[in-house]
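Engineer: I'd like to go over a predicted model; first the sequence, then the structure.
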Amino acid sequence: MHPATRFLRFFFHHLYHGFAWAYDLVSGGVSFGRWNDWTSAVLPFVEGKSVLELGYGPGHLQERLRRDLSLFAVGLDQSAQMGGLAAARLKRNGIADLRLVRGLAQDLPFPADSFDTVVSTFPSEYIFDARTLAEVRRTLLLRGRLIVLPVAWPKNRLLAWLFRVTGESPSEALELAGAKLKRPFIEARFEADIRTLEVRSGTLLVVICTKSSR
């Protein structure tokens, strides 16, 4: 394993567990304060009434799904620390009926055909695991959706200058990344579509997958 990969795994593991309290601070810093805007960009793609969020983190999207869209939203996360943060956030905002489950995406504790949509924003590499995708497919209803927001580029002067120097644009870079990201979902027997979204604060790549009958 490359040393940089090993370091990133170490860093994100501790950020998501022992240092979960700093997650909003770190994510806000790397996104120039736009992290929640980015995660909310997936909401227009959500279909149906029952939604499972994989890796709900501190609970921002759970709050939007339940309070703003009035959906039957369930969250699954491996981190007990994130569970505590999300529970506190939801209760603080008047949501007492918590549907937060601690577990692994590779072994979802839900019956088959349970959800209209499964969503995951900025997940780690577990989302590409064949076991995760098999479990997502199992728990989705036929023609249900898997929505993944894996990467985003913030809009700021420094990045604009770097892209001018390299002769690329964020959209071009994301399209190249999207072509590679699409393969695991197709291999898991999903119909996969890559969307590049231009929002006020950044450029986002969204993978939208549909559970087919094949």
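Structural biologist: All right, it came through fine.
Engineer: any idea how far the spatially most central residue of the chain is from Ala96?
Structural biologist: What sits nearest the mean C-alpha location of the chain, by CA atoms, centre = their mean, is Thr121, with 1.4 Å. Distance, Thr121 to Ala96, by CB to CB, to the nearest Å: 24 Å. Quick note: C-beta positions are derived from backbone N, CA and C, even for glycine.
Engineer: hmm, back to that, who does the residue nearest to the centre of the chain form a beta bridge with?
Structural biologist: Beta bridges link Thr121 to Leu149 when assigned by DSSP bridges.
Engineer: residues touching it, list them.
Structural biologist: The neighbours of Thr121, taking CB atoms under 8 Å, 6 or more residues apart in numbering as the test, are Trp38, Thr39, Val42, Gly55, Leu61, Val148, Leu149.
Engineer: for Arg66, see how far away it is.
Structural biologist: Counting by CB to CB - Thr121 and Arg66 are separated by 16 Å.
Engineer: so Pro195, which of the three states?
Structural biologist: In this structure residue 195 is Arg, not Pro. strand (DSSP: H, G, I helix; E, B strand; the rest coil).
Engineer: surely it meets Ile208?
Structural biologist: Yes. Using CB atoms under 8 Å, Arg195 is in contact with Ile208, at 6.2 Å.
Engineer: more neighbours, these two?
Structural biologist: Ile208 (18 against 15; other CB atoms under 10 Å).
Engineer: right, and that one touches Phe45 too?
Structural biologist: Yes. When contacts are counted by CB under 8 Å, Ile208 is listed as touching Phe45 (5.8 Å).
Engineer: what do the two both touch?
Structural biologist: With CB under 8 Å, 6+ apart as the test, Ile208 and Phe45 both reach Arg145, Ile147.
Engineer: host element of Arg137?
Structural biologist: helix 130-139 (DSSP states H and E).
Engineer: buried residues in that helix?
Structural biologist: Thr132, Leu133, Glu135, Val136, Arg137, Thr139 (16 or more other CB atoms under 10 Å).
Engineer: state the distance from the fifth one to Gly202.
Structural biologist: Arg137 is 30 Å from Gly202, where distance means CB to CB.
Engineer: my read: Arg214 touches Phe190, true?
Structural biologist: No. Applying CB under 8 Å, one finds Arg214 not in contact with Phe190, separated by 9.9 Å.
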